[in-house]
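[1] Requesting a structural model of the entry that follows:
(one chain, ligands or ions: 1)
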Amino acid sequence: MRVKICGITKPEQGNAIAKLGATALGFICVPGSPRYVTPQQIQVVVNHLSVSVDRIGVFANTSTEEITQIVADSGINAVQLHSNESPEFCQKLRQALPEIEIIKALRIRTPECLNQADSYLSCVDTLLLDAYHRKMLGGTGKTLDWQRLQKFRPSIPWLLAGGLTPDNVLDALTLLEPSGIDLSSGVERTPGDKDLKKVTRLFEKLGSRV
Ligand SMILES: O=C(O)c1ccccc1NCC(=O)[C@H](O)[C@H](O)COP(=O)(O)O
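    Okay, here's the model as predicted:
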């Protein structure tokens with residue numbers, strides 16, 4: 001199972017989290033987020049990595065040109081689209097960046113929002129389900145209603161996000177079988193400052209599932 005730890009801002013934390021077992025690190029390329037990092041800051045974290053992990057840039061309504069530039073400048077190998085990007089936009093991005101994994105995040109406000117997934121299946125590699133928040137795009141700490149996701153079985157891989165913590169992750173995984181999980185605020189001290197003790201506890205809980 002993939003384990004993405006998102007909102008990395010510090011090189012030493014990124015490296016430690018990768019060594020603890022994360023298969024992907026997420027970098028917030030959304031100005032205004034308390035976890036925002038520049039392409040140059042991402043590059044420093046990437047250069048510090050002593051193990052191989054996916055490096056996922058998180059974007060919100062950014063142009064294909066800007067994303068392409070940030071990919072070139074930062075060393076990321078996957079792009080997560082976390083706002084209202086259309087399937088047409090995803091298709092355009094795929095043409096611009098054929099070698100890069102494209103992850104489309106769906107923020108689930110009502111059970112009907114899950115139906116949006118169908119229109120992205122042919123133009124992205126991976127889906128991510130996150131909780132909806134009126135004012136924040138991500139990193140909210142809000143959980144999804146896992147019971148209602150039990151019939152969500154898309155034909156492409158998907159990641160479960162939204163309010164996961166070392167304490168509740170096994171409850172979620174008892175109900176659901178995502179291809180991976182994504183955590184941010186549940187393993188932090190403050191936004192952008194990861195708590196390595198919480199990350200360690202997460203991997204202890206996950207055990208052989210990773
Ligand atoms: O984390 C942010 O600050 C953020 C800002 C703008 C767009 C997306 C953002 N995060 C996206 C993520 O992938 C988070 O890991 C995801 O929302 C889960 O966060 P959490 O509920 O805190 O585990």
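[2] Find me the pLDDT at Val124, would you?
    pLDDT for Val124: 98.
[3] got a list of what Gly141 touches?
    Each residue near Gly141 by CB atoms under 8 Å, 6 or more residues apart in numbering is listed here: Gly163, Ser185, Gly186. C-beta here means a position set from N, CA and C on the backbone, and glycine is covered the same way.
[4] which residue sits closest to the second one, ignoring its sequence neighbours?
    I take that to be Ser185. The shortest distance from Ser185 to any non-neighbouring residue, by CB to CB, 6 or more residues apart in numbering, is to Gly141 (4.3 Å).
[5] that's a strand at that neighbour, yeah?
    No: counting by DSSP: H, G, I helix; E, B strand; the rest coil, Gly141 is not found in a strand; it is coil.
[6] Enumerate every residue touching Pro199.
    Not quite, residue 199 is Val, not Pro. Ile5, Ala16, Ile17, Leu20, Ala22, Val187.
[7] Pop out the phi and psi values for it.
    phi -70, psi -40 (degrees, to the nearest 10).
[8] If we ignore the residues flanking it in sequence, what's nearest it?
    Once flanking residues are discounted, Val199 sits nearest to Val187: 4.9 Å by CB to CB, 6+ apart.
[9] try Ser33
    Gly139 (6.9 Å).
[10] and Leu49, what pLDDT?
    96.
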